[in-house]
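Undergrad: sequence first, predicted model second:
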Amino acid sequence: MWIPTLECILDRHLAETIIEQSVEVITQDGILFRQGQGGDCLYFVKWGEVALTMLAGEKEIRIRAGKGSLLGLPAVFGNQAYTMTAKASWDAEIFKLSSNAFTELLNKERRMKETVLQILAGEVSAIRQAFSQLI
């Protein structure tokens, strides 16, 4: 089952700030993180698409995340494991931000706090939509 695209960072200044604080990710297989792995980094999608999958019992839930998406927020913000597996498309340009750098950014950029709350609210909405389709 596919769920609509995740919420995105539309504020150009915040996107540029995240990229400045991050390092570009290069992977052989496109995997950014796996479900159950400790959430220690956020991932910003500068370009391309990332497929996120979550195994829920016998069901698989899939979400697409495109340009401007910030991935791994629930894990990093809640100091928990990733609840999904993220795989970038071959042409994606992804940047990784450590949880420490993310905390510093939240403290410096007031707009970042508001953006994070908007993204988390969007993810809660998407998950509720997924659960309603599973029932």
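TA: Thanks, I have the structure now.
Undergrad: how much space separates Arg128 from Glu109?
TA: The gap separating Arg128 from Glu109 is 28 Å, by C-beta to C-beta, to the nearest Å. Where C-beta positions appear, they are placed from N, C-alpha and C, glycine not excepted.
Undergrad: how far does the helix ranked longest in the chain sit from its chain's centre?
TA: In the chain, assigned by DSSP state H, the helix with the most residues is helix 110-134. Computed by C-alpha atoms, centre = their mean, to the nearest Å, the chain-centroid distance of helix 110-134 equals 11 Å.
Undergrad: other residues contacting stretch 75-92?
TA: 25, 27, 29-43, 45, 47-54, 63, 65, 71-72, 74, 94, 99, 102, 116, 120 (C-beta atoms under 8 Å, 6 or more residues apart in numbering).
Undergrad: now, of the residues you listed, which are buried?
TA: Buried subset of the contacts of stretch 75-92 (neighbour count, 16 or more other C-beta atoms under 10 Å): 25, 30, 32-33, 39-43, 45, 48-52, 54, 63, 65, 71-72, 74, 94, 99, 102, 116, 120.
Undergrad: touching, Thr17 and Leu105? I think so.
TA: Yes - with contact defined as C-beta atoms under 8 Å, Thr17 reaches Leu105; the gap is 6.7 Å.
Undergrad: nothing else from me, thank you.
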